[in-house]
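Colleague: requesting a structural model of the entry that follows:
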Amino acid sequence: MRLARFVHDGTEQIGAIAGDAVIPLPGRASVLDPVTDVPRLPGIPLAEVRLLAPIARPPKFLAAGLNFEDHLKETGMARPASPVFFNKQSTCVAGPHDDVHKPRVSDLLDYEGELGVVIGTRCRHVPAAAAFEVVAGYLVVNDVTVRDWQLNSPTMTLGKSFDTHGPTGPWLTTADEIADPHDLRIRTWLNDQLVQDGSTRDMIFDIPTQIATLSTAFTLEPGDIIATGTPAGVGIVRQPPLWMKPGDVVSVEIDGLGALRNTIIDEPDSTVAR
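Modeller: Below you'll find the predicted structure:
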């Protein structure tokens, strides 16, 4: 099942995606609420709704770095001995079609198309063999990165957490819909240029290893998002570097999960505290 948060006629709702329409599911506050059946109601055309980030404010937004073989090669960095993680602050979350802000403080704005795993069960010390039991589903993530701020902070958190720099969606695809999350094609376009074309089969540390590692350190909670790494083709390694600028449209698509499509704009004056 594909479950979405959306706004229609000024009202925020939860719904199930059916073709090119969304069927409202009254009484549900979250895409993580159990759904036993979908009412046989006329759907609302997707063209008439605004899709929101499936998880409005994840308790934790975690991300794996240097986790694809081809991306590791293009960076020239050493292969990590264990999974490398950083935090994206949850206030960076944006919807699948929301504008992404180019910060006032940097021109080095980069894209990273990624598979996002959504945790569905509060858990700790999850063995790798049981990891998929705690997964609610999957979504598409663009791990938008401000490269100079990333490199100036050893934790990478500052450069990964600017407001609007965590587009997710376009909906939550429940785990039972995906036969093998390690066999999904990930593609990113900047305007009409295909800039990333990879597969989750090329992960260095697979999803169970990531969940086992993280849950050894701390409790995972329903709604936590784990962005599992990006394939080759990021803008910083290109010659010359390829940075996103106002007016650009960045799209990320993953087989079976849908696509994000976000327009880059200058950070608006409304973000400045008065």
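Colleague: and the residue nearest to residue 59 when sequence neighbours are not counted, what's its pLDDT?
Modeller: With C-beta to C-beta, 6 or more residues apart in numbering as the criterion, residue 59 has its nearest non-adjacent residue at 4.5 Å, and that residue is residue 221. No exception for glycine: its C-beta is placed from N, CA and C like everyone else's. Predicted confidence (pLDDT) for residue 221: 98.
Colleague: residue 221 contacts residue 61, doesn't it?
Modeller: No: contact criterion C-beta atoms under 8 Å: residue 221 and residue 61 do not qualify, at 11.7 Å.
Colleague: who's more crowded, these two?
Modeller: residue 61 (27 against 14; other C-beta atoms under 10 Å).
Colleague: for residue 246, give me its contacts.
Modeller: Applying C-beta atoms under 8 Å, 6 or more residues apart in numbering, one finds that residue 246 lies in contact with 102, 264-266.
Colleague: kindly report the same for residue 100.
Modeller: Residues in contact with residue 100 (C-beta under 8 Å, 6+ apart) are 94, 142, 144, 164-165, 167, 244, 250, 262-265.
Colleague: okay, those in TSV with pLDDT, neighbour count and distance to residue 211 next?
Modeller: Below are these laid out as TSV (pLDDT from 0 to 100; neighbours: other C-beta atoms under 10 Å; distance: C-beta to C-beta, whole Å):
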residue	pLDDT	neighbour count	distance to residue 211
94	98	23	25
142	98	27	22
144	98	27	24
164	97	22	27
165	97	24	24
167	98	27	23
244	98	23	31
250	98	23	28
262	98	23	28
263	98	14	33
264	98	21	32
265	98	14	35
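Colleague: mind putting the residues you listed into TSV with distance to residue 23?
Modeller: As requested, those are exported to TSV (distance: C-beta to C-beta, whole Å):
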residue	distance to residue 23
94	24
142	27
144	31
164	29
165	31
167	24
244	35
250	29
262	25
263	28
264	32
265	32
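Colleague: next step: the residues you listed restricted to helices.
Modeller: Using DSSP state H, no member of these falls in helices.
Colleague: so of those residues, which two are at opposite extremes in space?
Modeller: Farthest pair in those (C-beta to C-beta) is 142 and 265. Separation: 14.9 Å.
Colleague: may I ask you to name the longest helix in the protein?
Modeller: Longest helix in the chain by number of residues (criterion: DSSP H): helix 207-217.
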